[in-house]
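> Okay, sequence plus prediction incoming.
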Amino acid sequence: MGKAAILTPLYISVAWILITSYQFFTQTTVTTITTQIQTYLPTIGTWLASKLDIITFIHSFAWIFLLSSAIPSIILGKNRGILAQFSVCLTLTFLASVIQDILTGFNIEAFDQILGLAPLFHNPLLAVAYLSLPYLLMMGFDIRGRRKQKKEILETEPEDSSEDASIAEDDFEEEEKAQEEEWIYAT
């Protein structure tokens, strides 16, 4: 638990930076992609433009969900509880929204520099890549977890079958001895 205590602030800091920056740029990227779709498919683009707030919320939530799931499992391992996961998620969400409001209110230069990157996301390819990142990470974690689980199952099966075989051999030997003793006593 000592290692987790040291790494916890680091994990939460990285998660906060990712969530906050993602929320800063999500609106720009969603607008860029919607504008591109509207150029080629006006009906769908218009419909998406009318749902811009919902689409932005879903993509912003993706980072929060990913990090609130990953951080507790990294810190607490497989024995994490619902309350711990809720606490981490609530903390990350609170920090992301409060700090964003504070930075906006004080007009800090670092915040202006971060927002200076926003024009990069007017490029549709970068916007798609940026919005896809948390979903790709989720799929990667899922695939990795399934492979790890499958590997663990494959590693434990031979041990189980060899134990079963040795137990069966022991039972067979005991049965043979019992039969020999019965035959000796019978004669």
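That came through fine.
> quick one, strands of this structure?
With DSSP state E as the criterion, the chain has no strands.
> where in it is pLDDT low?
1-5, 8, 71-72, 74-81, 84-85, 88-89, 92-93, 96-97, 99-115, 157-187 (pLDDT under 70).
> 90 instead?
The model of the chain has pLDDT under 90 over residues 1-28, 53-122, 130, 133-134, 137-138, 140-142, 144-146, 148-187.
> That one: helices as residue ranges?
Along the chain, the stretches classed as helices by DSSP state H are 2-40, 42-50, 52-76, 82-106, 109-115, 124-186.
> What is the third one packed up against?
The elements that helix 52-76 packs onto, with contact taken as 3 or more Cβ pairs under 8 Å, 6 or more residues apart in numbering; DSSP states H and E, are helix 2-40, helix 82-106, helix 124-186. Heads up, the C-betas are built off the backbone N, CA and C, glycines and all.
> and the angle for it with helix 42-50?
60 degrees (axes from the mean of the first three to the mean of the last three Cα atoms, to 10 degrees).
> And for the first one?
Between the direction of helix 2-40 and that of helix 42-50, the angle (the same axes, to 10 degrees) works out to 140 degrees.
> Please identify the buried residues of helix 2-40?
For helix 2-40, burial by neighbour count (16 or more other Cβ atoms under 10 Å) applies to 11-12, 15-16, 18-34, 36-38.
> ok, now the second one?
Of the residues in helix 42-50, those buried under the neighbour-count criterion (16+ other Cβ under 10 Å) are Gly45, Leu48.
> what's in contact with that helix?
Contacts to helix 42-50, defined as Cβ atoms under 8 Å, 6 or more residues apart in numbering, come from residues Thr34, Thr35, Ile37, Gln38, Thr39, Ile55.
> got JSON lines for the residues you listed, with distance to Ile64 too?
Putting the contacts of helix 42-50 into JSON lines (distance: Cβ to Cβ, whole Å) gives the following:
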{"residue": "Thr34", "distance to Ile64": "22"}
{"residue": "Thr35", "distance to Ile64": "25"}
{"residue": "Ile37", "distance to Ile64": "25"}
{"residue": "Gln38", "distance to Ile64": "28"}
{"residue": "Thr39", "distance to Ile64": "31"}
{"residue": "Ile55", "distance to Ile64": "15"}
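> which two in these are spaced the farthest apart?
Pairwise distances across the contacts of helix 42-50 (Cβ to Cβ) peak at 17.0 Å, for the pair Thr39 and Ile55.
> For Gly145, see how far away Ile55 is.
To Gly145, Ile55 is 28 Å away according to Cβ to Cβ, to the nearest Å.
> Quick check on the two: which one has the bigger neighbour count.
Just comparing Ile55 and Gly145: by other Cβ atoms under 10 Å the higher neighbour count belongs to Ile55, 18 against 11.
> Name the nearest residue to the more buried one, ignoring sequence neighbours.
Leaving aside its chain neighbours, Ile55 sits nearest to Val30 (5.3 Å; criterion: Cβ to Cβ, 6 or more residues apart in numbering).
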